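# The following comprises the amino acid sequence and a computationally predicted model.
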Amino acid sequence: MRRKPGTDAPESVEIGLRSAPIEPVRPYWEQVEGPKGVVPWKWVKGNSYPLRFGFRGRGLLCSGARCARGGGRGVMLVSIFWLASLALVIVPMGCERVEDEEPAAGYRVHHGDLEVLAVTPPEQFVGRIPSMPPKRAEQEVWDAQFREENPTFFAPTDPPPSGTRAMAEFEPVDAVYIAFDPATEQFTGDLLRAVLPRAPVIVTLTHDESPERFDDFLRAGDIDGRRIRLLNLVHDNFWTRDFGPVSVELPDGRPAFLDFTYPQTRVLDDGIPSALAFAYRVPVFRIPLGLEGGVIMTNGQGLCVTTTTLAVANPDVPFEMLTRQMERLLGCSQLVFLESPRDEATGHVDMFAKFTSRDTVLVGSFDAEESPEDAAHMDRNARLLESVRVGRGQKLRVVRIPMPTPEGSVYRSYTNSLLVNGLAVVPTYGRDPKEEAAALEAYRSALPADWQVSTVDASGAIGLGGAVHCAALELRLARSER
């Protein structure tokens, strides 16, 4: 969940292709506001995910007398379902106390045809979720009533057909979706100038804006509006990546949207994916699973990468069921769970990693002296991804990219970029020219030779919890020609 300054709510909203007057909406951010508008967060350990193999007991990841004493290596873990199914799942793993030692990369298990990889077993997962403010329950009651009264935008549907696959960000796109908000006008203008030469832009307004103000904004910034379509969809926030639709390709080549539940108290944002689908006549599948767009990425050929936050944020979904849903909905054949930086406020993978092609991924690299724990997390992530095989068995190429030293929960990320039709739009922060030059060189090394790299100053946006990738969402609206 990312931040937005608290504002007064509108008297009415327009959602979808019709007007839907409602009671004045309680200002959502009043419910979760901390000092200076900062959203309170807490670390949560994924205790609700039972280890699918091995034995649980006082922080051990293995069994046997030698392991209980904290000694021994090379012990094999045996599935707890062995007696029931007579199926033996053997996973080589170092035997260690997780309370005393850093976990090493190596959790790997198959759920049918799906391979799941992680640095630690699911019961050791941790992630970032918003803490429960005192009035959250009251807001959730209002949200539930609003969803019930607007089933066209919120009622779950059947899942997409088998064989559906999630698009990779480096594939051709038909449009980019951006929301206009007064908190980020300069940033939005720079982003529009970078994107418009490569793709049309769809714009919606947060409830603080008006079409007239947007017109004034375009004129003042000398931005050509001929490739911009402003939709009369009013909502809450400008982080379109997190609440917007996930573009997928159906087995027949048609585009479609997945509309996951946006797990925040911003119900109007949660209605946007279906509203966009109706506006562009794209099939939409509403999925009753909490998922923010920045938490997952894919290479378009079955390799999906997320963070442990995805599991922790869905505590009522058994871990194996969660992974199977990712397989079914996104076409994942491999699902990798990475660790997030310690104090980064979202737990999203786009803050430290990025696919640039089907066999290449950028992974952040922290200075080990300045940020030793984050550096260790990223090194473990890199080792885990290096163990992945893609295509015809070739090793996934991992390119390391600098990560600036964090300032509290503010992580200035270079991987939070947008890939749009041969152009990488990379956020910069004006702090360290040598570091930024190294980051841009990492992109040039990782991208295909015919791609170009441009930059957008995200020094203002990053304080709100995101950068370019968080604020812009690529969409596919036409049938694939593949």
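Alright, I've got the coordinates.
# switch to C-alpha atoms for all contacts and neighbour counts from now on
OK.
# Could you pull up the residues touching residue 157?
Contact analysis of residue 157 by C-alpha atoms under 8 Å, 6 or more residues apart in numbering lists 285, 286, 287.
# whoops, I mixed them up, residue 433
Counted by C-alpha under 8 Å, 6+ apart, residue 433 has zero contacts.
# Look up how far residue 459 lies from it.
Taking C-alpha to C-alpha, to the nearest Å as the measure, residue 433 falls 14 Å from residue 459.
# list the helices and strands the helix or strand that residue 269 is a member of packs on?
Assessed by DSSP states H and E, residue 269 sits inside helix 267-270. Taking 3 or more C-alpha pairs under 8 Å, 6 or more residues apart in numbering; DSSP states H and E as the contact definition, the neighbouring helices and strands of helix 267-270 are helix 136-149, strand 228-235.
# List the buried residues in the first one.
The one in question is helix 136-149. Neighbour-count burial for helix 136-149 flags 136, 139, 143, 146, 147 (criterion: 16 or more other C-alpha atoms under 10 Å).
# How about stretch 472-482?
If you call a residue buried by 16+ other C-alpha under 10 Å, then stretch 472-482 has these buried ones: 472, 473, 474, 475, 476, 477.
# Contact partners for the nearest residue to residue 228 once chain neighbours are set aside?
For residue 228, the nearest residue in space outside its immediate sequence neighbours is residue 201; the separation is 4.9 Å by C-alpha to C-alpha, 6 or more residues apart in numbering. When contacts are counted by C-alpha under 8 Å, 6+ apart, residue 201 touches 175, 176, 177, 178, 192, 195, 227, 228, 229.
# Reformat these as CSV; add pLDDT, distance to residue 209 and neighbour count.
Formatted as CSV, the entries for the contacts of residue 201 read as follows, by pLDDT from 0 to 100; distance: C-alpha to C-alpha, whole Å; neighbours: other C-alpha atoms under 10 Å:
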residue, pLDDT, distance to residue 209, neighbour count
175, 98, 22, 23
176, 98, 20, 23
177, 98, 16, 21
178, 98, 13, 25
192, 98, 17, 22
195, 98, 21, 22
227, 96, 20, 13
228, 97, 16, 18
229, 97, 16, 14
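# Turn those residues into CSV, columns for distance to residue 418.
Listed next are the contacts of residue 201 as CSV, based on distance: C-alpha to C-alpha, whole Å:
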residue, distance to residue 418
175, 12
176, 10
177, 11
178, 12
192, 12
195, 9
227, 18
228, 18
229, 19
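# Tell me how far residue 381 lies from residue 426.
Applying C-alpha to C-alpha to residue 381 and residue 426 gives a distance of 22 Å.
# Just the ones of the contacts of residue 157 in helices?
Among these, none falls in helices (DSSP state H).
# Among these, which lie within strands?
Assignment to strands by DSSP state E places the following of these there: 285, 286, 287.
# For the last one, list each beta-bridge partner.
In this structure, residue 287 bridges to residue 260 when assessed by DSSP bridges.
# How many residues are close by it?
20 (other C-alpha atoms under 10 Å).
# quick one: contacts for it?
Counting by C-alpha under 8 Å, 6+ apart, residue 287 makes contact with 156, 157, 159, 258, 259, 260, 261.
# Three-state assignment for the first one, please.
For residue 156, the secondary-structure state derived from DSSP: H, G, I helix; E, B strand; the rest coil is coil.
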